[in-house]
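A.B. asks: Return a 3D structure for these sequence lines:
(chains A and B)
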Amino acid sequence: EAGVTQSPTHLIKTRGQQATLRCSPISGHTSVYWYQQALGLGLQFLLWYDEGEERNRGNFPPRFSGRQFPNYSSELNVNALELEDSALYLCASSLGFQVLGYTFGSGTRLTVV
Amino acid sequence: AQSVTQLDSQVPVFEEAPVELRCNYSSSVSVYLFWYVQYPNQGLQLLLKYLSGSTLVKGINGFEAEFNKSQTSFHLRKPSVHISDTAEYFCAVSAVGRTNFGNEKLTFGTGTRLTIIP
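C.D. replies: Numbers count the residues shown, from 1 in each chain, chains lettered A, B, ... in the order given. Got it, this is the predicted structure:
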């Protein structure tokens, strides 16, 4: 069974540009979660998608957005990139709404220069 | 809302010695508790979880954790560590039940970096 896959592995962008990160959940998982892991800040909850809808978002500005497609894959968009957006972005998936342990992908390392 | 505190940001331990990584949580409702491990340049892997029942939970790679409701703790232990255990360890909590959307997310601690000394 394939795990959670994220692409690209690394992404380098210039301040002010837009970044698009992608995530494919485990087959059968309908919920996708996005977390930001910035240096020294631990994992911060970004967004949760379930059955194609945004169910919850963390304390991040609106320039962080995303969507979930009919095949349950997901996309995270970060507009007007700032230097402090540099971080590892982790995607996780789970079966339905009840969190009984996420399965994480390996992440996308976003560097803003 | 829930919160997690991992008091030790770094823990150095000699190889084959025992280790305990501390985790305390805060919540006004019942919780599920998790420990994840992150090896360098990788995502997070689930080590073990407490959902209900026995308060002593065994996980992968010889790790175990004990849920203590009165002390709101969920400390992770291993009787004998190996070089391969060098990683960052995260404790996480989520609320039990679907009281409203928002309980489904995991709240993580800031992590403990475990360094094994040969």
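
A.B. asks: ok, now which ones touch residue 18?
C.D. replies: Because you didn't say which chain, this covers chain A. Contact analysis of residue A:18 by CB atoms under 8 Å, 6 or more residues apart in numbering or on different chains lists A:77, A:78, A:79, A:80, A:81. For glycine as for every other residue, the C-beta is placed from the backbone atoms N, C-alpha and C.

A.B. asks: Oops, wrong one, chain B.
C.D. replies: Taking CB under 8 Å, 6+ apart, we find residue B:18 in contact with B:77, B:78, B:79, B:80, B:81.

A.B. asks: Got phi/psi on it?
C.D. replies: Main-chain torsions, residue B:18, degrees, to the nearest 10: phi -80, psi 160.

A.B. asks: on that earlier part again, show me the one in the contacts of residue B:18 that has more neighbours than the rest.
C.D. replies: For those, neighbours were counted using other CB atoms under 10 Å in any protein chain shown, and residue B:81 has the most, 23 neighbours in all.

A.B. asks: Do I have it right that that one meets residue B:16?
C.D. replies: Yes. The pair residue B:81 and residue B:16 passes the contact test of CB atoms under 8 Å, sitting 6.9 Å apart.

A.B. asks: Might you list the low-confidence residue ranges for chain A?
C.D. replies: Counting by pLDDT under 70, the low-confidence segments of chain A come to A:1, A:96-101.
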